[in-house]
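*Asks:* Return atomic coordinates for the entry below.
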Amino acid sequence: MSPALPKNIKIKNTRKSGVKIIRRIEEMVGVSKEYRKKNKTIGFVPTMGALHQGHLSLIRQARKDNDIVVVSIFVNPTQFGHKEDLKKYPRNLKKDARLCKQEGAEIIFYPDASQMYPANHRTYVTVEKLSDCLCGKSRPGHFKGVVTVVAKFFNIVNPDVAYFGQKDAQQAIIIKRAVADLNIPVEIKVMPIVRERDGLALSSRNVYLNKKERKDAVVLSQSLDMAKHLIKRKILDPRKIIKKMNELIRRKKTAKIDYISIVDLKNLEPIKRIREGCLITLAVRVGRTRLIDNIILKFKVKS
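*Replies:* Numbers count the residues shown, from 1 in each chain. Reported below is the predicted structural model:
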């Protein structure tokens with residue numbers, strides 16, 4: 001049973017007073033419950049902070065679709081491996097709060113790890129098969145951490161709609177599966193990738209790139225553009241396309257390929273022949289920074 005709204009909490013007109021930062025789980029549950037009583041729809045944007053235009057595009061869509069917008073900012077420790085960048089992951093709450101206010105969000109939910117994962121926490125959510133391939137293969141346990149924290153957020157915030165970016169395509173597919181399998185009453189909206197002018201997909205990790213690495217990182221989107229061009233030339237063998245993408249990326253000395261895959265959008269299994277709706281996805285380490293990118297083939301493939 002959800003706890004009642006604490007007596008000292010009042011829902012204000014946050015459009016005038018600015019974004020409200022909530023740090024306690026019980027307060028977030030109570031505030032959401034009060035909005036529900038007033039028949040307000042809630043749009044939810046889960047983030048790890050270090051907000052950029054990709055995140056802001058999600059907040060803007062949530063603002064269009066809903067009465068109330070909640071943005072979570074939580075650097076989730078359970079989705080980081082022991083050699084990954086948890087400690088140095090960029091954090092700037094002041095800047096993030098200013099951007100949330102600018103885009104019209106009412107609430108930032110900003111819990112700490114001790115609240116989300118108390119000492120007696122023993123329960124995790126795993127989506128089998130979908131979590132073991134692509135990024136899951138090189139980051140074991142990553143999606144268990146992602147799905148667990150997202151499921152907890154859904155229970156705490158109780159949104160009508162949650163917004164995710166296509167850049168994390170595997171994550172979005174896994175979360176959709178979890179929501180369907182667990183009968184969680186939330187709609188998942190996946191919004192287009194936002195890119196720099198040169199094509200690099202926006203990511204909070206882009207700040208780690210030095211000047212040379214930043215220049216080389218564009219090769220991810222260039223390889224995807226090349227794949228589309230090859231498909232339009234009726235090259236429909238995924239192996240040939242992956243080979244060409246591989247060759248292009250390896251020309252950059254700072255780049256080391258984790259994977260390049262062409263898969264079915266629903267089950268993430270490799271396909272034998274290119275078809276409309278397939279997912280072309282890759283992960284590349286540029287210097288020490290691991291970047292991901294993808295496209296969904298939306299045009300009809302002509303044999």
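*Asks:* CA only for contacts and neighbour counts going forward, please
*Replies:* OK.
*Asks:* Sketch out the low-pLDDT regions of the stretch 201-303 of the chain for me.
*Replies:* Along the stretch 201-303 of the chain, the model assigns pLDDT under 70 to residues 303.
*Asks:* show me where it has strands.
*Replies:* Secondary structure of the stretch 201-303 of the chain, counting by DSSP state E, counting those that start in this stretch: strands at 255-263, 279-286, 289-296.
*Asks:* Let me know which of the ones you listed is the nearest to Asp237.
*Replies:* Among the strands of the stretch 201-303 of the chain, strand 255-263 comes nearest to Asp237, with 10.0 Å by CA to CA.
*Asks:* could you give the angle of the closest one to strand 289-296?
*Replies:* Counting by axes from the mean of the first three to the mean of the last three CA atoms, to 10 degrees, strand 255-263 lies at 30 degrees to strand 289-296.
*Asks:* before we move on, the earlier item: if we compare the strands of the stretch 201-303 of the chain, which one ends up closest to Ile59?
*Replies:* The closest approach between Ile59 and any of these, judged by CA to CA, belongs to strand 289-296 at 20.9 Å.
*Asks:* on that earlier part again, out of the strands of the stretch 201-303 of the chain, which gets nearest to Met48?
*Replies:* That would be strand 289-296 among the strands of the stretch 201-303 of the chain, by CA to CA, at 16.0 Å.
*Asks:* what's the offset of stretch 187-195 from the middle of its chain?
*Replies:* Distance, stretch centre to chain centre, for stretch 187-195: 9 Å (CA atoms, centre = their mean, to the nearest Å).
*Asks:* Mind listing what's buried along it?
*Replies:* If you call a residue buried by 16 or more other CA atoms under 10 Å, then stretch 187-195 has these buried ones: Ile188, Lys189, Val190, Met191, Ile193, Val194.
*Asks:* Arrange those residues in CSV, one row each, with distance to Ser114 and secondary structure as further columns.
*Replies:* Shown next, in CSV, are these (distance: CA to CA, whole Å; DSSP: H, G, I helix; E, B strand; the rest coil):
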residue, distance to Ser114, secondary structure
Ile188, 27, strand
Lys189, 29, strand
Val190, 30, strand
Met191, 31, strand
Ile193, 32, coil
Val194, 33, coil
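*Asks:* ok, of these, which one's closest to Ile280?
*Replies:* Each of these was scored against Ile280 by CA to CA, and Ile193 proved nearest at 13.7 Å.
*Asks:* now do the same end-to-end measure for stretch 36-43.
*Replies:* One end of stretch 36-43 sits 12 Å from the other (CA to CA, to the nearest Å).
*Asks:* Mean confidence (pLDDT) on that stretch, please.
*Replies:* Stretch 36-43 shows a mean pLDDT of 98.
*Asks:* again with stretch 130-140
*Replies:* 97.
*Asks:* picking that back up, packed most tightly, which of the strands of the stretch 201-303 of the chain would that be?
*Replies:* Mean neighbour count (mean count of other CA atoms under 10 Å) peaks for strand 279-286 among the strands of the stretch 201-303 of the chain, with a mean of 22.
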